[in-house]
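**Student:** Return atomic coordinates for the entry below.
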Amino acid sequence: MSSERKVISIDNIRSGDLLAWRRDTHSTTSDLFIHGIRALTHQKYGHVGIAWRCNDSVESELFVIEATLPKIRVTLLTPDGDFDCVPMDAEWKAESRAFLLDKLGKPYSILDAARAFYGMRLKDDQSFQCVELAHYFYRREGIELDHDFTPGSFVKSAEHFSGQSAKRVIRAIGNKNENT
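**Tutor:** You can find the predicted model right below:
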């Protein structure tokens, strides 16, 4: 059995797919935080977010909606990043997109992150940690995932639901867009 990670072209990621990070190559503070979460939880992922494919008449850009320090934000993604994708086949309803966009600017909750680490139930309030935001999004989409709110466990639950393993995101390879 090959230990080589499967890959997916950034062009094949759809709105509603789960994105997961082992590290953040763009921010030292964020990378330390993600590394700390991975070390404390003994899991390979330290952060998750929801993919948002924004299409206009000229091009299609990929964003992530994520709860990260200091607040929920939208970030443009490039294939130069180091992240994975679990295709979720989410319907990406207008109401669910509106739910996520309505959360922009709300604070990141370190307290919720600590509760998740200790296996405590999170409170439905006006601050979020990354898995909590993703969990509420998928529930709105009719996708029930486990209530374990650590990034690594959440990715495992998403993989189980989708029947697909997390794939490393890469640039498109000529005409061959996906290698599974």
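
**Student:** what's the helix or strand for residue 96?
**Tutor:** Element membership for residue 96 (DSSP states H and E) is helix 94-102.

**Student:** That helix packs against which elements?
**Tutor:** strand 47-55, helix 130-140 (3 or more CB pairs under 8 Å, 6 or more residues apart in numbering; DSSP states H and E). C-beta here means a position set from N, CA and C on the backbone, and glycine is covered the same way.

**Student:** contacting residues around it?
**Tutor:** 15, 16, 50, 52, 65, 90, 133, 136, 137, 140, 141 (CB atoms under 8 Å, 6 or more residues apart in numbering).

**Student:** In the residues you listed, find the pair that's most separated.
**Tutor:** Largest separation among the contacts of helix 94-102 by CB to CB: 15 and 136, giving 16.2 Å.

**Student:** of these two, who's got more company?
**Tutor:** residue 15 (20 against 17; other CB atoms under 10 Å).

**Student:** what about the helices in this protein?
**Tutor:** Listed in chain order, the helices of the chain (DSSP state H) span 28-41, 94-102, 110-117, 130-140, 151-162.

**Student:** Tell me where the model's unsure across this structure.
**Tutor:** Applying pLDDT under 70 to the chain flags the ranges 1-3, 23-43, 56-58, 112-125, 172-180.

**Student:** Quick check: closest non-adjacent residue to the most centrally placed residue in the chain.
**Tutor:** In the chain, the centroid-proximal residue (CA atoms, centre = their mean) is residue 49; its distance is 2.5 Å. Counting by CB to CB, 6 or more residues apart in numbering, the nearest residue to residue 49 once its immediate chain neighbours are dropped is residue 66, at 3.3 Å.

**Student:** Am I right that the one you found is in contact with residue 133?
**Tutor:** Yes: using CB atoms under 8 Å, residue 66 is in contact with residue 133, at 7.3 Å.

**Student:** got any residues that touch both of those two?
**Tutor:** In contact with both residue 66 and residue 133: 50, 72, using CB under 8 Å, 6+ apart.

**Student:** In terms of packing, which of those two has more residues around it?
**Tutor:** Using other CB under 10 Å, the more surrounded residue of residue 66 and residue 133 is residue 133, with 25 against 22.

**Student:** so that one touches residue 64, yeah?
**Tutor:** No: here residue 133 does not reach residue 64: they are 11.0 Å apart, not a contact under CB under 8 Å.

**Student:** re earlier: residues in contact with the residue nearest to the centre of the chain?
**Tutor:** Applying CB under 8 Å, 6+ apart, the residues contacting residue 49 are 18, 19, 64, 65, 66, 67, 68, 130, 134.

**Student:** switch the cut-off to 10 Å
**Tutor:** If a contact means CB atoms under 10 Å, 6 or more residues apart in numbering, then residue 49 has 17-21, 63-68, 72-75, 77, 83, 100, 130-131, 133-134, 137, 151 as its contacts.
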